[in-house]
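Asks: sequence plus predicted model, see below.
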Amino acid sequence: MISSILKEKTKTHHDDTEARLQSQKIFDKSYTLDDYKKLLIHNYELISQFEPQIQAKLKHYPELKLDQRSKLESLKKDLQNLNIDLDRTRHSDELKNEAEAFGALYVMEGSTLGGNVIAKQLKKNPDFENVEFNYFGVYGEHTGPFWQEFKSIIDETITEDHYDDCVNGAKKAYQLLA
């Protein structure tokens, strides 16, 4: 199953990204508003560049409910609320095909799952009492079911012939979060 392979083959990328973005500070309550702003900016670079490509490449998969999985507007709202300039663009690789788009979406959906945990932890930190978590709470109570649904779809859709491309798409997504 590709979801297990993606988890295994991108574990180092995932762990490196968490280390670079200092996620351990979220749990010890030493995470600052500036740390959070950097985290949002990195996510904006990923979402703003890959979400439109994913929507175009995977439009023939209505079961993905891509309109419900869209995160860009929620992310923009959080950035605007924190007075962060949205004119940041960093060129990324293009997603070559559907398998790469699925791989990038795997990272984005996984980060939404992790974002739910981030939001819950930061809400406990008094420095974040006036911060809205539109992006990290984008799915609300549907976060877990959306993740499970996505994993089922990717496992059913991506065949062994396309595993390498799918992993490459995930790695491209992690590069943008770095």
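Replies: Received it, and whenever you're ready, just let me know what you need. Since this is a predicted model, take the numbers as computed values, not measurements.
Asks: so what touches stretch 70-89?
Replies: With contacts defined as Cβ atoms under 8 Å, 6 or more residues apart in numbering, stretch 70-89 is touched by 33, 36-37, 40-41, 43-45, 47-49, 51, 55, 108, 112, 131-136, 138. To be clear about C-beta, it is placed using only N, CA and C from the backbone, and glycine gets the same treatment.
Asks: now do 6 Å
Replies: With Cβ atoms under 6 Å, 6 or more residues apart in numbering as the test, stretch 70-89 has contacts from Lys37, Leu40, Tyr44, Ile47, Glu51, Glu132, Asn134, Tyr135, Val138.
Asks: buried only: go through those residues for me.
Replies: The neighbour-count criterion (16 or more other Cβ atoms under 10 Å) marks Leu40, Tyr44, Ile47, Glu51, Asn134, Tyr135, Val138 among the contacts of stretch 70-89 as buried.
Asks: now the last one: how far from Leu72?
Replies: Taking Cβ to Cβ, to the nearest Å as the measure, Val138 and Leu72 are separated by 10 Å.
Asks: swap in Glu149?
Replies: Plainly put, Glu149 is 20 Å away from Leu72 if you go by Cβ to Cβ.
Asks: again, but for Leu122
Replies: 21 Å.
Asks: of those two, who's got more company?
Replies: Leu122 (21 against 15; other Cβ atoms under 10 Å).
Asks: picking up where we left off before, okay if I get the buried ones among the contacts of stretch 70-89 as a markdown table plus distance to Tyr163?
Replies: Converted to a markdown table, these look like this (distance: Cβ to Cβ, whole Å):
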| residue | distance to Tyr163 |
| --- | --- |
| Leu40 | 32 |
| Tyr44 | 29 |
| Ile47 | 24 |
| Glu51 | 23 |
| Asn134 | 34 |
| Tyr135 | 30 |
| Val138 | 28 |
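Asks: for those, which one is nearest Met1?
Replies: Checking these against Met1 by Cβ to Cβ gives Glu51 as the nearest, at 24.7 Å.
Asks: okay, that closest one: pLDDT?
Replies: Reported pLDDT at Glu51 in the predicted model: 96.
Asks: what helix or strand is it on?
Replies: helix 33-57 (DSSP states H and E).
Asks: quick one: list the elements packing against that helix.
Replies: Applying 3 or more Cβ pairs under 6 Å, 6 or more residues apart in numbering; DSSP states H and E, one finds that helix 33-57 contacts helix 72-81, helix 98-123, helix 163-177.
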